[in-house]
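With the input below, show me the fold.
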Amino acid sequence: MTTIRNLDLAIIGSGPAGLAAAVKAKQLGIKDLVVFERDERPGGILPQCIHNGFGLQKFKEELTGPEYANRYIQMAQAHSVDIELDSTVLEIDPNRNLTAVSEYSGLRNYHCRSIILAMGCRERPRGAIGIPGTRPAGVFTAGQAQRLVNIEGYMPGENIVIQGSGDVGMIMARRLTLEGAKVKAVTEIQPYTSGLIRNEVQCLHDFDIPLMLRHTVAEIHGDKRVEGVTVVEVDTDWNPIDGTEKLIACDTLLLSVGLIPENELSKLAGVSLDPQTGGAYVNEVLETRVPGIFSCGNVLHVNDYVDEVSNQGEIAARGAFYRIKNRMPAREMRISIAGDQTVGQVVPQTISGELPVTFYIRVKRPMQKMALRIGEIFEKKIPYARPSEMIQVRLSKKSFSQMEPSTTRLKVSCED
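Below is the predicted model of the structure:
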């Protein structure tokens, strides 16, 4: 019979969200906690992100990914955080029972007073976008290529086309160029890049890498190895335009076509997912609809910056503290938050009105000189917005005193 150990808090994942949650939980006085990490080292994806630009919010200085991870690893060590490496969580149920397994400790069962989900996200593969053609070597996701170059020390190829303009794809366009490869084109089906403007400028324009907007890879050519791709222009409905096909010779195709939150464990736990974000429905302290289970970072919704991921880990830790100490606002006092047709996502989806809240909002389309409104309690003029640029709105508890006591719903809208 397997022994069941009781825990105050279990954190799944030791990336920037999980580490920040663990450090904050310790600072709040939660002593009996364990971080479960399936990899052989903590840090999540950060060790392979050797470019700078991390930490400007959290540490007020520019760090590389490994440096940012090391800051939190050192803080975790200073607070005696128990990180179980090479440990895979197999299952969570709605009663917060958790099963984990590792080579050294075998199968273990835990009952947790709170659980924080911080599993991050994975890349959308070729099969998810349905590019026709054979199955030759030389097709990688951008993150796979990043690991090959920065961790393993291998080049994925010499002549490269990148499908999609996500941040990792644009960063790898620059990285591969610096390593001597020829990046022949970055294609993007939208009329704008799907990553940050700063990466478009610093990684593509500054290195004269061709950016083909409203284009997509229509076919992959090659038998044993990629020999080229056919790129085609698309109309406003993403349909190929006849006569615009162009063959680009290359030996490698990288895919940077979106990220998918890793929510398989969340589903096992009975957590309801928002189809707009791919992550959980949460309240202002990032508690899901299953009491005592919290979600943060890229498993909740894909973020633009690692600093935001760490901030959400800290919010989830505070929520876990409230749950453990029985200080959570009553669920009967929920106010639902919903975006109108101009809003691509809004997180959290419910609030109590009794705590400060940070809203994470994305628009559905590029907008100029827009007005962002949250019900009747907040309005702000914004010069421009794009779906790839997260809008954050922080409201204090005092902001909700303007609402009518009977308010049960706040609408988020963006108007040109």
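
what's the domain layout of this protein?
Per the record, the chain has its domains at 1-123+258-328, 125-257, 332-416, by automatic domain parsing.

how many other residues sit next to the residue nearest to residue 249 when sequence neighbours are not counted?
Spatial nearest neighbour of residue 249, excluding adjacent residues (CB to CB, 6 or more residues apart in numbering): residue 228 at 4.5 Å. (Each C-beta comes from the backbone N, C-alpha and C, glycine too.) Per other CB atoms under 10 Å, the neighbour tally for residue 228 reads 18.

how far does stretch 237-257 sit from the chain's center?
26 Å (CA atoms, centre = their mean, to the nearest Å).

can you check stretch 250-258 too?
The chain centroid and the centroid of stretch 250-258 are separated by 20 Å under CA atoms, centre = their mean.

Likewise for stretch 322-342?
Stretch 322-342 sits 22 Å away from the centroid of its parent chain (CA atoms, centre = their mean).

That one: end-to-end distance?
34 Å (CA to CA, to the nearest Å).

For that stretch, which residues meet the burial criterion?
Neighbour-count burial for stretch 322-342 flags 322, 323, 324, 328, 329, 334, 335, 337, 339, 342 (criterion: 16 or more other CB atoms under 10 Å).

How about the last one, nearest residue that isn't a chain neighbour?
The reference is to residue 342. That would be residue 414: by CB to CB, 6+ apart, it lies 4.3 Å from residue 342.

Each with direction, which strands does the helix or strand containing that neighbour pair with?
In the assignment (DSSP states H and E), residue 414 maps to strand 409-415. Within its sheet, strand 409-415 is paired with strand 335-339 (parallel), strand 367-374 (antiparallel), according to DSSP bridges.

from the middle of its chain, how far away would it be?
24 Å.

For that strand, buried residues please.
Buried residues in strand 409-415 (16+ other CB under 10 Å): 410, 412, 413, 414.

residue ranges of the helices in the stretch 201-350 of the chain, please?
Using DSSP state H, counting those that start in this stretch, the helices of the stretch 201-350 of the chain run over 264-268, 306-324.

and the nearest residue to residue 320 once chain neighbours are set aside, how many neighbours?
The shortest distance from residue 320 to any non-neighbouring residue, by CB to CB, 6+ apart, is to residue 114 (3.9 Å). Residue 114 has 26 neighbours, counted by other CB under 10 Å.

Over to residue 134?
12.

Is it correct that it is in contact with residue 220?
Yes - counting by CB atoms under 8 Å, residue 220 is a contact partner of residue 134 at 6.7 Å.

now the residue nearest to residue 182 when sequence neighbours are not counted: how far from residue 213?
Closest residue to residue 182 apart from its sequence neighbours, by CB to CB, 6+ apart: residue 159 at 5.1 Å. When distance is defined by CB to CB, to the nearest Å, residue 159 is 21 Å away from residue 213.

Enumerate every residue touching residue 89.
Applying CB atoms under 8 Å, 6 or more residues apart in numbering to residue 89 gives the contacts 12, 36, 38, 98, 99, 100, 265.

Cross-reference these with the helices and report the matches.
The helices, defined by DSSP state H, take in residue 265 from the contacts of residue 89.

Just give me the closest of the contacts of residue 89 to residue 390.
Taking CB to CB as the measure, residue 12 is the one of the contacts of residue 89 closest to residue 390, at 23.6 Å.

For the longest strand anywhere in the chain, name the packing helices and strands.
Longest strand in the chain by number of residues, with DSSP state E as the criterion: strand 106-117. Under the contact definition 3 or more CB pairs under 8 Å, 6 or more residues apart in numbering; DSSP states H and E, strand 106-117 sits against strand 4-12, strand 97-102, strand 293-295, helix 306-324.

and of these, who's closest to residue 140?
Minimum separation from residue 140 across the helices and strands packed on strand 106-117 (CB to CB) falls at helix 306-324, 22.6 Å.

That closest one relative to strand 106-117, how many degrees between them?
Orientation check (axes from the mean of the first three to the mean of the last three CA atoms, to 10 degrees): helix 306-324 against strand 106-117 gives 100 degrees.

can you state the direction angle for helix 306-324 and strand 4-12?
Here the directions of helix 306-324 and strand 4-12 differ by 150 degrees (the same axes, to 10 degrees).

Could you check how far helix 306-324 is from the centre of its chain?
15 Å.

Can you name every helix or strand that that helix contacts?
Using 3+ CB pairs under 8 Å, 6+ apart: helix 306-324 touches strand 4-12, helix 16-28, helix 65-78, strand 106-117, strand 293-295, strand 357-363.
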